[in-house]
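>>> next one to model:
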Amino acid sequence: MSLAMAGYVLNDAAMKQVLVQQPLFPSIFIRGMAATVLLGLLCAFTGAFRWRWTGRDRKLIGWRVVAEAVTTLLFLSALARLPIANVTAILLAAPLAVTLAASVFLNAPIGWRRVVALLVGFAGVMMIVRPGAASFSPWSLLALAAVGGVVLRDLATRQLSASVPSTLVACATSAVITAVGAVGTLVAPLPVFTPVQVMQLVGASGLLVVGYVFSVRTMRVGDIAFVSGFRYTTLLWALLVGILLFGEVPDVLTMLGAVLIVGSGVFSVWREHVVATSDRRQTNA
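Predicted coordinates for the structure are as follows:
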């Protein structure tokens with residue numbers, strides 16, 4: 001899981017380097033083409049293309065794809081203009097937001113301990129965003145909006161049938177995001193990418209697939225409560241990449257906010273596991 005998170009962060013770093021000099025939509029288009037080909041080959045190898053679509057799952061996948069496309073646009077727009085650690089830390093609040101949304105919209109039970117964890121986590125987000133402060137950047141609002149997209153994506157994912165191949169969902173998502181990049185590219189002339197930039201975009205697509213494959217395989221063989229906590233190593237990778245590649249050193253308030261987000265997230269995952277284990281014991285009894 002830690003290696004999967006490294007793959008995702010290194011993908012972000014490559015995209016950030018390109019987006020400093022090139023527009024968003026053509027960059028998404030080039031990366032998306034490479035990622036879709038790789039995921040398509042993975043689907044063909046695993047037999048995912050043979051899965052039969054159902055009406056309910058088709059609708060859920062549709063919502064998930066739309067949410068992922070919007071999230072990608074918002075996140076990358078913010079990433080191009082904000083330190084990578086800041087954007088990553090804000091997006092780490094997404095699991096907390098998903099827990100809250102599941103309680104509201106799916107009637108999932110949530111105790112007072114996780115409510116407190118949610119409040120602490122969102123307080124950490126505010127410490128990073130700092131609305132009204134002199135250091136406030138309007139671009140951080142895009143990162144916050146991306147959290148909303150992640151919530152919609154994950155709520156749709158939770159309701160998918162167990163038989164839906166994860167590789168097929170990822171491939172469909174990549175294809176739609178690539179199409180969005182292609183449509184966006186039509187409104188302006190296609191810029192000239194240097195060979196290095198093309199290599200960075202293709203490399204980013206490979207890192208995305210690595211992150212996806214490692215995370216899925218880990219979730220299928222490990223204890224979910226234990227494994228999920230390692231998702232938060234993404235912040236460590238983001239801090240390291242930000243310092244080494246971009247010279248971005250977070251201030252004390254940003255680091256404190258990130259600690260609150262990670263701490264509340266890990267606690268929420270652990271508490272959800274405790275509650276689920278207790279429920280299973282009561283059912284078996």
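>>> Leu118 contacts Ala101, doesn't it?
No: between Leu118 and Ala101 there is no contact under C-beta atoms under 8 Å: 10.8 Å. For every residue, glycine as well, the C-beta is placed using N, CA and C.
>>> so where's the stretch 51-200 of the chain shaky on pLDDT?
132-135 (pLDDT under 70).
>>> helices of that one, start to end?
55-79, 84-91, 94-105, 112-129, 139-158, 166-186, 195-221 (DSSP state H, counting those that start in this stretch).
>>> point out the most buried one among these.
helix 84-91 (a mean of 26; mean count of other C-beta atoms under 10 Å).
>>> quick one: contacts of it?
With contacts defined as C-beta atoms under 8 Å, 6 or more residues apart in numbering, helix 84-91 is touched by 9, 12-13, 16, 75, 78-79, 124-125, 128-129, 140, 143-144, 146-147, 150, 234-235, 238-239, 241-242, 246, 248, 250, 254, 257-258, 261.
>>> next, the angle helix 139-158 makes with it.
Here helix 84-91 runs at an angle of 50 degrees relative to helix 139-158 (axes from the mean of the first three to the mean of the last three C-alpha atoms, to 10 degrees).
>>> mind listing what Thr194 touches?
Per C-beta under 8 Å, 6+ apart, neighbours of Thr194: none.
>>> now it. Its backbone dihedrals?
Here is the backbone geometry of Thr194 (degrees, to the nearest 10): phi -80, psi 160.
>>> what's the distance between it and Gln200?
Taking C-beta to C-beta, to the nearest Å as the measure, Thr194 falls 9 Å from Gln200.
>>> can you pull the contacts of Thr254?
85-86, 89, 127-128.
>>> 7 Å - rerun?
Counting by C-beta atoms under 7 Å, 6 or more residues apart in numbering, Thr254 makes contact with 86, 128.
>>> dihedrals phi and psi, Thr254?
Torsion angles, degrees, to the nearest 10, at Thr254: phi -60, psi -40.
>>> which elements pack onto the helix or strand hosting Ala14?
In the assignment (DSSP states H and E), Ala14 maps to helix 2-19. Counting contacts by 3 or more C-beta pairs under 7 Å, 6 or more residues apart in numbering; DSSP states H and E, helix 2-19 packs against helix 24-46, helix 55-79, helix 84-91, helix 195-221, helix 233-246.
>>> 6 Å - rerun?
helix 195-221, helix 233-246 (3 or more C-beta pairs under 6 Å, 6 or more residues apart in numbering; DSSP states H and E).
>>> lowest average confidence across these, which one?
Among the helices and strands packed on helix 2-19, helix 195-221 carries the lowest mean pLDDT, a mean of 87.
>>> that one vs helix 2-19, what angle?
160 degrees.
>>> help me confirm that Thr36 comes into contact with Ala179.
No: taking contacts as C-beta atoms under 6 Å, Thr36 lies outside contact range of Ala179: 9.5 Å.
>>> grab the nearest non-local neighbour of Ala145.
Computed as C-beta to C-beta, 6 or more residues apart in numbering, the closest residue to Ala145 that is not its neighbour in sequence is Leu74, at 5.0 Å.
>>> quick one: contacts for the one you found?
142, 145-146 (C-beta atoms under 6 Å, 6 or more residues apart in numbering).
>>> go on, Phe25?
By C-beta under 6 Å, 6+ apart, the residues touching Phe25 are 181, 184-185.
>>> and which of these is nearest Arg271?
Within the contacts of Phe25, proximity to Arg271 (C-beta to C-beta) peaks at Gly181, which comes in at 39.2 Å.
>>> show the contacting residues for the closest one.
25, 28-29, 32.
>>> now Gly184: how far from Val98?
Taking C-beta to C-beta as the measure, Gly184 falls 28 Å from Val98.
>>> now Thr54
24 Å.
>>> repeat for Val252
29 Å.
>>> need the helices and strands packed on helix 2-19 in JSON lines (columns: distance to Gly62).
Formatted as JSON lines, the helices and strands packed on helix 2-19 follow (distance: least, C-beta to C-beta, whole Å):
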{"stretch": "helix 195-221", "distance to Gly62": "20"}
{"stretch": "helix 233-246", "distance to Gly62": "27"}
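>>> can you check which of these gets nearest to Val20?
Of all these, helix 233-246 sits nearest to Val20, with 9.3 Å by C-beta to C-beta.
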